[in-house]
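Colleague: Sequence first, then the predicted structure, then my questions.
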Amino acid sequence: MNRTKLGVILAAGLAVAGGCREEPATMKAVRTTGNDMVAVAGRAAAVPPQDIQDKAFNSAVSGLTAASKSDTSPGLVSAASGLLSAAQLGQVASASDRATTAEEKLVLLQSEVRSSLSKWSTMKAAEKAATFDPSVRDGEITRQVAAAAKGIADGQAKLAKVIADQAKLVADAKAKHEQANGFEKEAVNLKDKTRGQSTAQAMPTLEKALEARKKSDELKLAASKLEADAMLAEPRKLEINQEIEKLTRQTAAIERERAAVQKRAKDSSADEKIATAGADEALKDVTRLVAQLTEAREKDFQEAIAGAIKSCEASAASARKAGNDGRLAAAVAAHRLGDVQMVQVAEARVYAALMTELAEAKPELPGKAKYAEEAKKALEAANQAMEEVKKSFQTATDGYSKLSLKAEETKATRDALVKQLSEAAGIAKDEEPAPAPEGGAPKDDAKPEAPDPTAKPSDGPEAGDAKPGDKAPDPK
């Protein structure tokens with residue numbers, strides 16, 4: 001998870017937790033847990049090791065779960081739920097790291113499978129040609145290698161530009177998150193100064209706090225837009241990398257074929273025996289590597305992805321329980337869930353492509369029917385996961401759309417983010433989202449509405465609900 005984004009959510013939760021004069025035991029637990037979380041993910045000077053973060057987040061989830069279900073004040077339950085949402089979203093990082101490690105292993109195994117398949121195809125072709133004139137084929141190979149080399153060079157230049165552009169977007173987003181954190185802290189400090197003051201005395205300070213909170217929200221939305229822009233570079237990077245890898249594999253296969261062609265030209269009889277043995281060995285390698293790939297995919301990658309999805313869904317549920325204060329966190333959790341599901345989609349499609357290559361290999365592999373079935377299942381899983389991506393991004397866009405904003409520039413930034421998320425998942429948008437009415441501040445004696453525990457992830461706060469920080473609560 002983006003560390004600065006988590007810091008924003010943590011700061012919002014702590015701001016709610018600090019609104020009361022007295023501090024019951026449950027409140028103290030919320031405050032202490034929140035401070036521990038901020039120390040590892042919110043505002044620490046350096047990012048702690050992942051195991052330290054995992055320990056903090058796991059401990060936070062354990063401690064905050066009870067607090068979020070307590071019968072204490074609605075404000076405390078809201079604060080606990082908001083922090084619990086942030087902690088659960090923080091747990092996604094560990095699962096994502098495991099998924100990344102597993103995916104790296106899958107990529108290596110897939111490359112080895114293709115290498116063995118290429119060797120098998122080459123050796124099987126060699127069996128059919130005991131003797132032949134290598135000059136014609138050698139010329140074709142030389143032209144193919146030159147074309148592939150040019151394609152690789154062009155791809156690397158394109159990739160470098162995409163990476164540089166993405167890095168700038170990420171850096172700009174980070175800077176805006178840092179600015180937002182500063183305004184968020186300023187708003188909290190200003191709000192704390194009003195404790196014990198009358199409404200008239202506190203009003204000037206509260207207005208400054210609201211202004212600081214507004215600036216923080218604007219910066220957070222701007223940062224989210226930049227992050228969305230950066231996210232859109234990932235499919236392009238994947239596409240370019242796949243093309244480079246494809247050309248690299250083609251070059252290696254062609255060079256191996258060149259060596260095989262030259263060898264066969266010297267001794268066709270010996271070459272036929274070598275080709276037959278090589279084909280048999282390559283076939284065994286293909287079978288062994290596919291089995292390893294299937295096991296790693298099911299036990300490592302898919303389990304890690306399932307854990308990340310579970311944490312995202314739990315975070316969204318906790319954020320909804322936080323009421324108005326959890327609206328942004330709920331949208332962020334849905335946004336992150338869509339990102340995780342997009343990784344799931346991409347992996348399934350890559351796996352399906354490999355299985356299709358095996359099923360369509362010439363000459364045919366003994367396991368052709370099995371590979372075709374695996375390709376079909378993977379594509380179906382990818383399509384199903386893509387539908388979940390659309391739902392998650394739709395929930396995120398709904399959540400972002402319903403944030404109560406006043407500045408036209410901020411609304412434009414929000415709308416651009418909503419549009420890009422919709423396009424990333426291929427969500428059809430017949431019309432622009434209706435802007436949320438600005439509405440008035442809640443009354444002093446208004447009580448937060450209890451969240452609906454049966455609400456689905458797409459159920460966000462209604463347009464016009466008061467946003468966090470609209471009015472300071474009366475000191476208790």
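Modeller: Arrived safely, thanks for sending.

Colleague: Okay, strands next: where are they in the stretch 301-450 of the chain?
Modeller: Counting by DSSP state E, counting those that start in this stretch, one finds no strands in the stretch 301-450 of the chain.

Colleague: Where does the prediction get shaky in it?
Modeller: 405-411, 424-450 (pLDDT under 70).

Colleague: And for Lys299, the neighbour number?
Modeller: Per other CB atoms under 10 Å, the neighbour tally for Lys299 reads 11. Heads up, the C-betas are built off the backbone N, CA and C, glycines and all.

Colleague: What of Glu281?
Modeller: 14.

Colleague: same check, this time on Leu108
Modeller: Neighbours of Leu108 using other CB under 10 Å come to 13.

Colleague: How much space separates it from Asn241?
Modeller: 14 Å (CB to CB, to the nearest Å).

Colleague: go on, Ala270?
Modeller: Distance from Ala270 to Asn241, by CB to CB: 40 Å.

Colleague: So if I had to pick from those two, which one is more boxed in?
Modeller: Neighbours per residue (other CB under 10 Å) separate Ala270 from Asn241, with Asn241 holding more: 15 against 11.

Colleague: That one contacts Leu159, correct?
Modeller: Yes: Asn241 lies in contact with Leu159 (CB atoms under 8 Å); the separation is 6.8 Å.

Colleague: residue boundaries of the helices in this structure?
Modeller: 3-17, 25-37, 50-68, 74-128, 134-192, 199-231, 233-266, 268-296, 302-321, 327-359, 368-401, 408-425 (DSSP state H).

Colleague: any idea how far Ile254 is from Asp138?
Modeller: Distance from Asp138 to Ile254, by CB to CB: 11 Å.

Colleague: Can you pick out the residue with more neighbours from the two?
Modeller: Using other CB under 10 Å as the criterion, Asp138 and Ile254 rank with Ile254 on top: 18 against 14.

Colleague: which ones are touching that one?
Modeller: Ile254 makes contact with Ile141, Gln144, Val145, Ala148, according to CB atoms under 8 Å, 6 or more residues apart in numbering.

Colleague: hmm, try it at 10 Å
Modeller: If a contact means CB atoms under 10 Å, 6 or more residues apart in numbering, then Ile254 has Ser118, Thr122, Glu140, Ile141, Thr142, Gln144, Val145, Ala148 as its contacts.

Colleague: And the pLDDT for the closest residue to Glu186 other than its chain neighbours?
Modeller: Excluding the flanking residues, the one nearest Glu186 by CB to CB, 6 or more residues apart in numbering is Ala212, at 4.4 Å. Ala212 carries a pLDDT value of 89.

Colleague: what's the neighbour count on Ala212?
Modeller: Neighbour number of Ala212 under other CB under 10 Å is 21.

Colleague: Report the contact partners of it.
Modeller: Contacts of Ala212 (CB under 10 Å, 6+ apart): Gly182, Phe183, Glu184, Lys185, Glu186, Ala187, Val188, Asn189, Leu190, Lys191, Gly469.

Colleague: quick one: the second one and Lys215 touch, right?
Modeller: Yes: using CB atoms under 10 Å, Phe183 makes contact with Lys215 at a distance of 4.5 Å.

Colleague: Looks like Trp290 contacts Pro366 (just checking).
Modeller: Just so we're on the same page, residue 290 is Val rather than Trp. No: using CB under 10 Å, Val290 makes no contact with Pro366, being 11.7 Å away.

Colleague: okay, those two: which has more neighbours?
Modeller: Val290 (24 against 10).

Colleague: Looking at the contacts of Ala212, which is nearest Thr100?
Modeller: Glu184 (29.9 Å; CB to CB).

Colleague: What pLDDT does the model give that closest one?
Modeller: So Glu184 comes in at 89 (pLDDT).

Colleague: what residues are up against the closest residue to Val350 other than its chain neighbours?
Modeller: In space, Val350 comes closest to Gln110 once its chain neighbours are excluded; the distance is 7.1 Å by CB to CB, 6+ apart. By CB under 10 Å, 6+ apart, the residues touching Gln110 are Glu245, Leu289, Val290, Leu293, Arg297, Val350, Tyr351, Ala353, Leu354, Glu357.

Colleague: wait, what's in contact with the last one?
Modeller: Contacts for Glu357 (CB under 10 Å, 6+ apart) come out as Gln110, Val113, Arg114, Leu117, Ser118, Leu365, Tyr371, Ala375.

Colleague: ok, the nearest residue to the fifth one once chain neighbours are set aside - how many residues close by?
Modeller: Excluding the flanking residues, the one nearest Ser118 by CB to CB, 6+ apart is Ala253, at 4.2 Å. Each residue near Ala253 was counted by other CB under 10 Å, and the total is 18.

Colleague: Ala253 contacts Lys119, correct?
Modeller: Yes: with contact defined as CB under 10 Å, Ala253 reaches Lys119; the gap is 8.2 Å.

Colleague: For the residue nearest to Arg137 when sequence neighbours are not counted, give me its contacts.
Modeller: Counting by CB to CB, 6+ apart, Val261 is the residue found nearest to Arg137 once chain neighbours are left out, at 5.5 Å. Applying CB under 10 Å, 6+ apart, we find Val261 in contact with Thr122, Ala125, Ala126, Ala129, Phe132, Pro134, Ser135, Arg137, Asp138, Ile141, Asp271.

Colleague: Next one, pLDDT for Val261 please.
Modeller: Per the predicted model, pLDDT is 75 at Val261.

Colleague: same question, the one 10 residues further on
Modeller: Reported pLDDT at Asp271 in the predicted model: 72.

Colleague: Could you report the distance from it to Glu104?
Modeller: Relative to Glu104, and taking CB to CB, Asp271 is found at 37 Å.

Colleague: So which of these two has more stuff around it?
Modeller: Asp271 (23 against 11).

Colleague: quick one: the closest residue to Thr397 other than its chain neighbours from Val345, how far?
Modeller: Spatial nearest neighbour of Thr397, excluding adjacent residues (CB to CB, 6+ apart): Val418 at 4.4 Å. According to CB to CB, Val418 stands 21 Å off from Val345.

Colleague: Of the contacts of Gln110, grab the buried ones for PyMOL.
Modeller: Here is the PyMOL command that selects only those of those that count as buried (16 or more other CB atoms under 10 Å):
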select buried, resi 245+289+290+293+297+350+351+354+357
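
Colleague: from the contacts of Ile254, which two are the most distant?
Modeller: So, those by CB to CB: farthest apart are Ser118 and Thr142, at 18.6 Å.

Colleague: Who has more neighbours out of these two?
Modeller: Legend: neighbour count by other CB under 10 Å for Ser118 and Thr142, higher for Ser118 (20 against 12).

Colleague: Would you enumerate the residues in contact with the more buried one?
Modeller: Ser118 neighbours (CB under 10 Å, 6+ apart): Arg249, Gln250, Ala252, Ala253, Ile254, Arg256, Glu257, Ala282, Glu357, Ala361.

Colleague: any idea how far Asp339 is from it?
Modeller: Taken as CB to CB, the span from Ser118 to Asp339 is 34 Å.

Colleague: And for Leu106?
Modeller: Taken as CB to CB, the span from Leu106 to Asp339 is 19 Å.

Colleague: No more questions from me, cheers.
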